[in-house]
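Visitor: A structural model of the following input is requested.
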Amino acid sequence: MYGENKMANNQYPRTNKRPEKQSESDDFIIGAVTHVKYFKKIESRILVLDYLPEGKGFGQSKQREPMVQGIGVKWFSLLEVTVERKGTYTKLVELDLPQTSESSPIKQIKRRISVNDMTNTGYETLEEAVLLIINKNEKRFVSFFNKAQPITNRIHSLQLIPGIGQKLMWEILAARKGMPFVSFSDIEERVKISDIKKMIFNRIIQELEGEEKHRLFTASSDSGQKR
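Guide: Predicted coordinates:
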């Protein structure tokens, strides 16, 4: 049946070495491998990771626009956007994207970026932003543990979470069968594991750094976003 998870577990703190960019699919697997559904991963808001009041580059031929590097609050999309000069763009401030609010200070979504495209400040803020999003969206991540299904006939999507091997996977499946999980602490108490948030954090960072074939929680850097 499902094989043991062979991934090495990431631990806090993260290394400062940025991985090579890899192209990934934007498909989100939800359901058994024999009945897969696909969803576009579109963001409505971002958290500010870094504000560049003079934009990027040093050329004088064009007027430079202020720019923000941010992370989507749902799919952890890394985006580079231009913004109005008047506004509050301190780190971790939440901004609506233009398609969400006519009063958004964001003028245009310039592009999706990878961790390799981020400024040093943006990269340093990434960990705090990811943890903040996890904390604010506990229900979503608990739902994953309640609904996660096999990806192939040999590996379960639960096993893609660092720290979850075959034995722990079966314990989670057995526990949720009796009653769905309701919180992180509920999972930890009933399955006798610790720091679910850390496990989720490590998986999200792996996906953002382009190391994973399957994406459980994030959008890829080469997928489309409405402008």
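Visitor: what pairs with the helix or strand of the chain with the lowest mean pLDDT, and is each one parallel or antiparallel?
Guide: One helix or strand of the chain scores below all others by mean pLDDT, DSSP states H and E: strand 106-112, with a mean of 93. Looking at strand 106-112 with DSSP bridges, its partner strands are strand 78-83 (antiparallel).
Visitor: just to revisit the earlier point, any idea which helix or strand comes after the least confident helix or strand of the chain?
Guide: helix 120-136 (DSSP states H and E).
Visitor: this protein: helices as residue ranges?
Guide: Secondary structure of the chain by DSSP state H: the helices cover 120-136, 138-147, 166-178, 184-191, 196-208.
Visitor: which of those sits most buried?
Guide: By mean neighbour count, with neighbours taken as mean count of other Cβ atoms under 10 Å, helix 196-208 ranks first of those at a mean of 21. From N, CA and C alone the C-beta is placed, and that goes for glycine too.
Visitor: and that helix, what does it pack against?
Guide: helix 120-136, helix 138-147, helix 184-191 (3 or more Cβ pairs under 8 Å, 6 or more residues apart in numbering; DSSP states H and E).
Visitor: next up, the contacts around the nearest residue to Lys74 once chain neighbours are set aside.
Guide: Closest residue to Lys74 apart from its sequence neighbours, by Cβ to Cβ, 6 or more residues apart in numbering: Glu43 at 5.9 Å. For Glu43, the contact set (Cβ atoms under 8 Å, 6 or more residues apart in numbering) comprises Gly72, Val73, Lys74, Trp75, Ser77, Leu79, Leu97, Ala219, Gln225.
Visitor: ok, and the most crowded of those residues?
Guide: Ala219 (26 neighbours; other Cβ atoms under 10 Å).
Visitor: ok, the nearest residue to that one once chain neighbours are set aside - how many residues close by?
Guide: Excluding the flanking residues, the one nearest Ala219 by Cβ to Cβ, 6+ apart is Lys41, at 3.7 Å. Other residues lying near Lys41 total 20 when counted by other Cβ under 10 Å.
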